[in-house]
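# here you go, sequence then predicted model.
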Amino acid sequence: MMPHHAASRTIRAAFSAPGLVLAIGSCLALAGCGGPGYEVAPVSGKVTLDGKAMANVHVSFEPIAEGKDPNPGPGSFGVTNAQGQYALELVGLDRPGAVVGRHCVRLSVNQPGAGTESDVGVPVRSVLPASAGDGSKEFTVPPEGTDKADFPLKSR
C-alpha cells in the first residue's frame, strides 16, 4: 500500500498542467477530434416532407469508416429553421462542416410530442417516415462541400 503523502503527490501530478494537457490531448486523439486524419467541408441543405419545409428537424451525419482507418472523424449535426434549411457543425468542436466522404444520415423531429411517446407516456404518431431515422440514408460529402444536402421526404 502506498503511503498517504506518496498517493497525494501522484494525484497532484496527474492534475498538473502538463498532465492535464497530456490527458486531454490523448482523449481528443482517441476520439478522432481535431486530428489531422480527416478533411472537413461546409455542408448545408433542406429537409422537406411532401414538398413542405420541415422546421426543428435534427439532421445527424455520421462518417462511415472505409479502408483500414476505423475512425474517420467526428460526426456532424444541424437543426432546420422554419424554411427547412440547416447547416452542419462538427460534434463537440464548434466548427462548421462535416468530414469529407460517405455518411450515414439520420433525421429526427426536435420538438415535444413528435417522438414515440408524449410527456404522459401516451404514444404519438411520428411526423417523419420511419426511414428518416433508421440509418438507411447516406450522403457523400464532396471535398469542396455542398449546399445541396437536401432530403425530400415522403409521408407515404
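All right, it came through fine.
# elements contacting the longest strand along the chain?
The longest strand of the chain (DSSP state E) is strand 101-109. Strand 101-109 sits against strand 57-63, strand 137-141, strand 151-153, with contacts defined as 3 or more CB pairs under 8 Å, 6 or more residues apart in numbering; DSSP states H and E. The C-beta positions use only the backbone N, C-alpha and C, and glycine is treated the same way.
# TSV for the ones you listed, including mean neighbour count?
Listed next are these as TSV, based on neighbours: other CB atoms under 10 Å:
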stretch	mean neighbour count
strand 57-63	22
strand 137-141	16
strand 151-153	17
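# got CSV for these, with distance to residue 130 and mean pLDDT too?
Formatted as CSV, these follow (distance: least, CB to CB, whole Å; pLDDT from 0 to 100):
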stretch, distance to residue 130, mean pLDDT
strand 57-63, 15, 95
strand 137-141, 11, 95
strand 151-153, 11, 95
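# mind listing the helices for this structure?
Here the chain has its helices, by DSSP state H, at 4-14, 17-31.
# could you tell me the least trusted of those?
Confidence, taken as mean pLDDT, is least for helix 17-31 of the helices of the chain (a mean of 40).
# and stretch 131-144, end to end?
End-to-end span of stretch 131-144 (CA to CA, to the nearest Å): 28 Å.
# contact partners of that stretch?
Here stretch 131-144 makes contact (CB atoms under 8 Å, 6 or more residues apart in numbering) with 39, 41, 43, 61, 64, 98-108, 149, 151, 153.
# quick one: buried ones out of those?
Buried residues within the contacts of stretch 131-144, counting neighbours by 16 or more other CB atoms under 10 Å: 41, 43, 61, 98-108, 149, 151, 153.
# can you list the weak-confidence ranges in the chain?
Applying pLDDT under 70 to the chain flags residues 1-36, 110-126.
# map the structural domains onto the sequence of it.
Using automatic domain parsing, the domain parsing of the chain gives 1-31, 40-153.
# residue 127: neighbour count?
18 (other CB atoms under 10 Å).
# one more: residue 94?
For residue 94, the neighbour count with other CB under 10 Å is 7.
# distance check, it against residue 74.
If you measure residue 94 against residue 74 using CB to CB, to the nearest Å, the figure is 11 Å.
# and for residue 40?
9 Å.
# higher neighbour count, these two?
The neighbour count for residue 40 versus residue 74, taken as other CB under 10 Å, is higher for residue 74 (23 against 20).
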